[in-house]
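*Asks:* Turn this into a structure:
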Amino acid sequence: MKPVTSIRTGRRAAAPALALVLAAILLGAGLGRPALADASRTQRTLFEAPRELLGPDQALRTRTLAELRSLGVRDLRIVLYWKDVAPDPGSRSVPGFHERDPAAYDWGHYAPAIDQAAAAGLRVLLTVTGPVPRWATAARRDQVTRPSPQHYQRFFEAVARRFGAEVDRFSVWNEPNHPAFLMPQFVHGHAASGAIYRRLYVAARRGLKAAGRSRQPLLFGETAPRGTSHVVAPLRFLRQALCLTSAYHRRRSCRRLSVTAVAHHPYTTKAGPSFVPPDRDDVTIGVLHRLSTFLARAERARALTPGTRIALTEFGIQSRPDPYVGVSLTRQAAYRARSEQLAYEQPRVDTFAQYLLRDDDPRPGPAASRYSGFESGLRTSAGAAKPAYAGFRLPLVARRSGRGLVSLWGLVRPAAAATTVTIDVLDRGEHQWHTLKHVRTSSRGWWRSRTRRTAGRRYRVRWTDQAGVT
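*Replies:* I've put the predicted structure just below:
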C-alpha cells in the first residue's frame, strides 16, 4: 500500500490530475493565508461512517474501526435520533415509562458502535437530535415541530447516564436551522428556530447536570451552511439563539450561555473552497472567518464565554457520479485538502470533519434521484478507493506564495509524534521523481515549507511509518 499524494504548480499542466486541479484552482488569489503562529495546531479530525458503524454487521464494524485507525482517525461522530430509541415514538400519548431511566430505551442501534469505538480508544462525539417521538412535541402532529424541552431534558439525562462514560463530547441537535430536523423555521416571515433551539440547549445542559456530567463538553449549533426561504441562515440562527440583535446587542432577559464550542457544517458548492456565498449570514468553508468574527462579537456582547471554539462536525466534498454537485475524483481530493488547510488556519477551529467513508448507494429511479444521497466518501459506493483516500491520510496543498515562491502545507494524519516527510518533485519533461527536501512535522503531524516556483513542476509527499510501510 503506497499512500502518495502528488500535485502540480505552474501556469500549465498536461495531465488532468490532482496536480492540475490544485495549480489551476487552489493556487489563485482571494484566500489569504495567516501566519503559522495563528493556526489551530491542536485541530482534531472527526470521522462519520454511519453505514459501516451503525449496522448489524459486527465484523464490518470491527474492520471499519481498524481501517479508520490506520488512516489516523482518533475521533468519531455518531448521530443519535431520539425517535429511534424512545418507546412508542408514533403515539400522540406519552407512554407510561421512566423517561430518565436508560433501561427504558432501546439503544440497540447505537450501543454496539459507541461501546466498540470507546473500547478501541476512539473519542466519540454523540449528537442527540430529532426527529423526536410524536408525543414529545407541543401539538403532537409530527416529529419535528416544537420539541418539548422538558421531555428532552429527561431524555438527555438518560443518554448521559447510559453513554457518558464512553462519550468524549455531546452535541445538541443536528442542523437545527433546517426544517428536516426542527420546525418551525420561520413564523410570519421571521426566524423562529433559534429561540426554540436555545430552550433545547438549556434543557440538555440541565440533563447533563442531573446525570452527574455537568463538566462534560457540550457543543452548540451544528448548523447547516446556508439559508433559503425554508432554512434559517446559520449566523441569523445563532444570533437568535444567543439573544443578539442584528447589531449584536444582547437582550437583557437572556443570560450568557456556557458553550464548549459552536458546531457547524461548512459544506460548499461545486465551486469548492473558493466559493463565497453572497449572503453574509451564510458560512461555507471558504468564509470561516465569518463565524470567527461572529463569535468575537458575541463574546464582546457577553452572550458567550470568552475563547469559545469552533467545531466543524460534518463536512465533505461531493464527487462524481453525482451529476449536479459532484466534482471529479481528483478535484475532490484537492478541494478536501485545501478545505482542511483553511480550517487549520482559523485559530478558533478545534475540529475538522470527514463525512462518509463510502459513498451512499445509488437510488432507484431517474437521474435526478439516483445520486440524491452523499457522494462525499473516500471510497465509491462499490468500495473502490478514490484519490481522496490517500489524500486523507497525507493531505497536501501547494499554492503560489509571494513572488516566485510556492507554499507547501500538509499533514501526516497517522503520526502519533513528530516525524519526517519527504517532498519529491517532477519537473516538466522529466519522467522520474527526485527528492526536493525532507521536512520535520509538528508533534501532531502538521508541516509547512516553501520552495522556489518552477512552472509545470509537480509535487508529492512520501512518509514511511514505524512498520516500514511507505
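*Asks:* So which residues of the stretch 351-470 of the chain form helices?
*Replies:* 367-370, 387-393 (DSSP state H, counting those that start in this stretch).
*Asks:* what do you get for the chain?
*Replies:* Assigned helices in the chain, in chain order: 18-21, 50-53, 58-70, 82-85, 111-119, 149-163, 193-210, 234-241, 288-300, 329-344, 367-370, 387-393 (criterion: DSSP state H).
*Asks:* how near is M183 to E99?
*Replies:* 22 Å (CB to CB, to the nearest Å). C-beta: built from backbone N, CA, C; applies to glycine.
*Asks:* Over to A343?
*Replies:* For A343 relative to E99 (CB to CB), the value is 38 Å.
*Asks:* can you check S193 too?
*Replies:* Per CB to CB, S193 is found 24 Å from E99.
*Asks:* Who has more neighbours out of those two?
*Replies:* Comparing S193 with E99 by other CB atoms under 10 Å, the one with more neighbours is S193, at 27 against 19.
*Asks:* Throw the helices of the stretch 351-470 of the chain into CSV and include mean neighbour count and mean pLDDT, thanks.
*Replies:* Conversion of the helices of the stretch 351-470 of the chain to CSV gives the following (neighbours: other CB atoms under 10 Å; pLDDT from 0 to 100):
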stretch, mean neighbour count, mean pLDDT
helix 367-370, 12, 82
helix 387-393, 23, 97
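*Asks:* okay, these in TSV with distance to Q58 next?
*Replies:* TSV is the format used below for the helices of the stretch 351-470 of the chain (distance: least, CB to CB, whole Å):
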stretch	distance to Q58
helix 367-370	31
helix 387-393	24
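*Asks:* Indicate which one of those helices is closest to T62.
*Replies:* T62 sits nearest to helix 387-393 of all the helices of the stretch 351-470 of the chain, at 19.6 Å, using CB to CB.
*Asks:* just checking, what packs against the closest one?
*Replies:* Helix 387-393 is packed against strand 5-8, helix 329-344, with contacts defined by 3 or more CB pairs under 8 Å, 6 or more residues apart in numbering; DSSP states H and E.
*Asks:* Mind exporting the C-alpha coordinates of it to CSV?
*Replies:* This file holds the C-alpha atoms of helix 387-393, laid out as CSV (Å, rounded to 0.1, in the frame of the first residue of the first chain):
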residue,chain,number,x,y,z
PRO,A,387,-7.7,9.7,-4.8
ALA,A,388,-9.2,11.3,-1.7
TYR,A,389,-8.4,8.1,0.3
ALA,A,390,-4.6,8.6,0.1
GLY,A,391,-5.2,12.3,0.3
PHE,A,392,-7.0,11.9,3.6
ARG,A,393,-4.0,10.1,5.1
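*Asks:* got the contact list for it?
*Replies:* Contact partners of helix 387-393, identified using CB atoms under 8 Å, 6 or more residues apart in numbering, comprise 3-5, 18, 71-72, 317, 319, 329-330, 332-334, 336-337, 354, 378-379, 412-414.
*Asks:* sorry, back to before: go through the helices of the chain and find the least confident stretch.
*Replies:* Per-stretch mean pLDDT for the helices of the chain is lowest at helix 18-21 (a mean of 35).
*Asks:* returning to what we had before: could you dump the helices and strands packed on helix 387-393 to JSON lines with mean neighbour count?
*Replies:* Putting the helices and strands packed on helix 387-393 into JSON lines (neighbours: other CB atoms under 10 Å) gives the following:
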{"stretch": "strand 5-8", "mean neighbour count": "26"}
{"stretch": "helix 329-344", "mean neighbour count": "26"}
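*Asks:* looking at the ones you listed, which is closest to Q466?
*Replies:* Of all the helices and strands packed on helix 387-393, strand 5-8 comes closest under CB to CB, at 20.1 Å.
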